[in-house]
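In: could you work out the structure for the sequence below:
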Amino acid sequence: MKFSEIFSLTIAIFMGYFPLGVAYGIVANTLEVSAFIAIALSALAYGGAAQFMMLSFFSVGTNFAEVFIVSYLINLRHTFYGLTLLKEYEGIKYRLYNIATLTDETFATFKTLNISNKNERGRVFAMINFLSWLYWLIGSMVGCLAAGFISVDMSGLEFSLTALFLVIVIEMFKVEKNLAVLSVACLISILSVAFLPDKILLVGSMMFCVVFILAFKDRL
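Out: All right, here's what the predicted structure looks like:
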C-alpha cells in the first residue's frame, strides 16, 4: 500500500485529532499547565480524553499515583480492543509500537482493512498509528503555543471524537455487513446506558461485548 493510500485512510482521524489537540493545548494554558508538560503528555502519554483529566489533576496538585490509576481505568477499554486484534497483530513487524499507539479510531480503521501479508500489515498499521499520533501532537503544540491569541467557544467539541468513531464504524459495516454484531452492539449500548452507573458504564459495556464475542466467536 502506497503512502498516499495510507494517508487517505487517516484524513478522517486528522479531522478529529487536530482540532481536539488544539483545544487540549488551549485548556492546558487556561489551567496554567506549562506548554512543556502539556506537549510532553501528548508525545508520551498520547491519551486523548485521559490527557484532559490529567490537566485537571495536575492543576490542583494531584499526586502521580492517583493520576496513573485513573488514567489506566479510563483507558481500560484498550484491553478489550487488544483481544479482538490478536489475529491481526500475530507475527507482524512493529508489534510493540502498534500496541502502544493504538487508539479507538486506529482500532476501528484496522478492522476495515484486510491485508494478508504480515510485513505489509505491520507497516501499514505502524504508519496509520504514527500519522494519528502526529496529528494529535501537532494539534497540541498549536493549541499550547497559540492559546494566547485564540478565543473560541469550545462547547461541544468533545463530541468530535465520538462522531469520528461513529463514521468509522459505519465504514466498517460497509466493508463487512455483519448485522448481528451491529445489532447486539447497539442493544448492549442501550441497556448499559439504561442500567449501569456512569462510573462503570464504559468498562461494563465493553465486558458485555467481550463475553458476547467469546461466546459466539465461531458464529460471527
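In: how close does the residue of the chain positioned farthest from its centre get to residue 137?
Out: Distance from the C-alpha centroid of the chain, by C-alpha atoms, centre = their mean, peaks at residue 149 (28.4 Å). Using C-beta to C-beta, to the nearest Å, residue 149 is found at 20 Å from residue 137. For the C-beta atoms, the positions are set from N, CA and C on the backbone; glycine is no exception.
In: go on, residue 180?
Out: From residue 180 over to residue 137 the distance is 39 Å, taken as C-beta to C-beta.
In: between these two, who's got more neighbours?
Out: Remark: of residue 180 and residue 137, residue 137 carries more neighbours, 18 against 11, as counted by other C-beta atoms under 10 Å.
In: and that one, what does it touch?
Out: Counting by C-beta atoms under 8 Å, 6 or more residues apart in numbering, residue 137 touches 21, 39, 42, 43, 46.
In: closest to residue 119 among those?
Out: residue 46 (24.9 Å; C-beta to C-beta).
In: mind checking pLDDT for that closest one?
Out: pLDDT for residue 46: 89.
In: ok, and the closest non-adjacent residue to it?
Out: Spatial nearest neighbour of residue 46, excluding adjacent residues (C-beta to C-beta, 6 or more residues apart in numbering): residue 133 at 5.8 Å.
In: pLDDT of the helix or strand hosting that neighbour, averaged?
Out: Under the criterion of DSSP states H and E, residue 133 resides in helix 118-146. Taken as a whole, helix 118-146 carries a mean pLDDT of 93.
In: stretch 169-181 too?
Out: 73.
In: got it, and stretch 99-109?
Out: Averaged across stretch 99-109, pLDDT comes to 88.
In: how far does that stretch stretch from start to finish?
Out: Stretch 99-109 has an end-to-end distance of 14 Å (C-alpha to C-alpha, to the nearest Å).
In: check which residues of that stretch are buried.
Out: Residues of stretch 99-109 classed as buried: 101, 102, 103, 104, 105, 106, 107, 108, 109 (neighbour count, 16 or more other C-beta atoms under 10 Å).
In: got the contact list for the last one?
Out: For residue 109, the set of contacting residues under the criterion of C-beta under 8 Å, 6+ apart consists of 9, 10, 13, 128, 168.
In: that one is in what secondary structure piece?
Out: Element membership for residue 109 (DSSP H and E) is helix 104-110.
In: correct me, but residue 18 touches residue 134?
Out: No - using C-beta atoms under 8 Å, residue 18 is not in contact with residue 134; the gap is 9.6 Å.
In: neighbour count: the two, which is higher?
Out: Each of residue 18 and residue 134 has its neighbours counted (other C-beta under 10 Å); residue 18 has more, 20 against 14.
In: nearest spatial neighbour of that one, skipping sequence neighbours?
Out: Leaving aside its sequence neighbours, residue 18 sits nearest to residue 139 (C-beta to C-beta, 6+ apart; 4.1 Å).
In: please apply the same query to residue 30.
Out: Per C-beta to C-beta, 6+ apart, closest to residue 30 is residue 147, 7.4 Å.
In: from residue 48, how far off is the one you found?
Out: From residue 147 over to residue 48 (counting by C-beta to C-beta), the distance is 19 Å.
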